[in-house]
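Q: Based on what follows, work out the 3D shape:
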Amino acid sequence: MDGSFEYVFPAIRGIQAKREYYVSMCPLRLIPKIFLFNEEELVPELRAQRVLNKNRIPEMSRYILSNRDNYTFSALTASVDADVRFDPLGTEGDGKRDGEVVIKMLPDVQQQPLKPLITATLVPGTQVMTDEYDIYAKLPAWGYSHQTVCHSKGEYARDEGGDGFCEVHVNTIEGFWSLLRSWLRPHRGISQELLPLYLGFFEFVYNARKPGKALLGSLLALLLT
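A: As a prediction, this is how the structure comes out:
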């Protein structure tokens, strides 16, 4: 690979079985362009790509068309034969991550129940990045700087400063939702009454920033205080 060229994606770093892994999001149309290989140079024994079962295409199409606003696919797993560098946004803490995630269930997706949650969680003047959903339209009136990306027009990240870095995006929180969905999926259905408990536990685990057995101490401290 030419050392003068690189891809830059927002990503979330995690640890599983004492090994680092990364979750990143990008438009699906970029995947075939990023993960290319020369079939003549890469022998079949080194490939892990599965052949698409064309018989499943009608079923997948029906699923997408029937769930346009909330369809979910499993994450793609890829191995990259190149040097990968992860630059954390935060400068303090074990996880090198700014702030904490807050998950709350709202009775409905409207501005009225959203405002108290925003004002109780974010310091006035905080820069907030969202998609174009109009529920966020009053953020400036509530005292916050607001920037958006328009997913409906195919915009997923925007370079505001002209420096080649797309700083306006919601990929980080969408990566978080991907982690949450993957964690909830094995439970195969959770009642609305119990869902806040699951969300609260996931919020705690994510913010604790401690893998495996190291999490036990934080959990006991929470239960005993």
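Q: hmm, who's touching stretch 166-182?
A: If you take CB atoms under 8 Å, 6 or more residues apart in numbering as the criterion, stretch 166-182 is touched by 8-12, 14, 23-26, 72, 74-75, 101, 103, 129-131, 147-149, 156-161, 199, 202, 206. No exception for glycine: its C-beta is placed from N, CA and C like everyone else's.
Q: ok, and the residue nearest the centre of the chain, which helix or strand is that part of?
A: With distances taken as CA atoms, centre = their mean, residue 175 lies nearest the centre of the chain, 0.7 Å away. Here residue 175, judged by DSSP states H and E, is contained in helix 171-184.
Q: what element comes up after that helix heading to the C-terminus?
A: Once the chain leaves helix 171-184, the next helix or strand it forms, by DSSP H and E, is helix 195-208.
Q: in stretch 146-159, what counts as buried?
A: Residues of stretch 146-159 classed as buried: 146, 148, 149, 155, 156, 157 (neighbour count, 16 or more other CB atoms under 10 Å).
Q: Need the max-distance pair from those residues.
A: Longest distance between any two of the buried residues of stretch 146-159 is 17.5 Å, between 146 and 156; criterion CB to CB.
Q: Going by residue numbers, what spans are helices in this structure?
A: According to DSSP state H, the chain carries its helices in the segments 31-34, 57-66, 111-121, 171-184, 195-208, 214-224.
Q: can you list these in a markdown table and add mean pLDDT?
A: Below are those laid out as a markdown table (pLDDT from 0 to 100):
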| stretch | mean pLDDT |
| --- | --- |
| helix 31-34 | 71 |
| helix 57-66 | 86 |
| helix 111-121 | 85 |
| helix 171-184 | 84 |
| helix 195-208 | 88 |
| helix 214-224 | 81 |
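Q: Those helices into JSON lines, with extra columns for distance to residue 139?
A: Shown next, in JSON lines, are the helices of the chain (distance: least, CB to CB, whole Å):
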{"stretch": "helix 31-34", "distance to residue 139": "32"}
{"stretch": "helix 57-66", "distance to residue 139": "31"}
{"stretch": "helix 111-121", "distance to residue 139": "7"}
{"stretch": "helix 171-184", "distance to residue 139": "15"}
{"stretch": "helix 195-208", "distance to residue 139": "22"}
{"stretch": "helix 214-224", "distance to residue 139": "31"}
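Q: check contacts around residue 129.
A: Contacts of residue 129 by CB under 8 Å, 6+ apart are 146, 147, 148, 149, 168, 169, 170.
Q: please redo it, this time with the cut-off set to 10 Å
A: By CB atoms under 10 Å, 6 or more residues apart in numbering, residue 129 lies in contact with 136, 145-149, 158, 167-173.
Q: Reformat these as JSON lines; add distance to residue 65.
A: What follows is these, written out as JSON lines (distance: CB to CB, whole Å):
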{"residue": "136", "distance to residue 65": "28"}
{"residue": "145", "distance to residue 65": "38"}
{"residue": "146", "distance to residue 65": "33"}
{"residue": "147", "distance to residue 65": "32"}
{"residue": "148", "distance to residue 65": "27"}
{"residue": "149", "distance to residue 65": "25"}
{"residue": "158", "distance to residue 65": "29"}
{"residue": "167", "distance to residue 65": "34"}
{"residue": "168", "distance to residue 65": "31"}
{"residue": "169", "distance to residue 65": "27"}
{"residue": "170", "distance to residue 65": "25"}
{"residue": "171", "distance to residue 65": "25"}
{"residue": "172", "distance to residue 65": "29"}
{"residue": "173", "distance to residue 65": "26"}
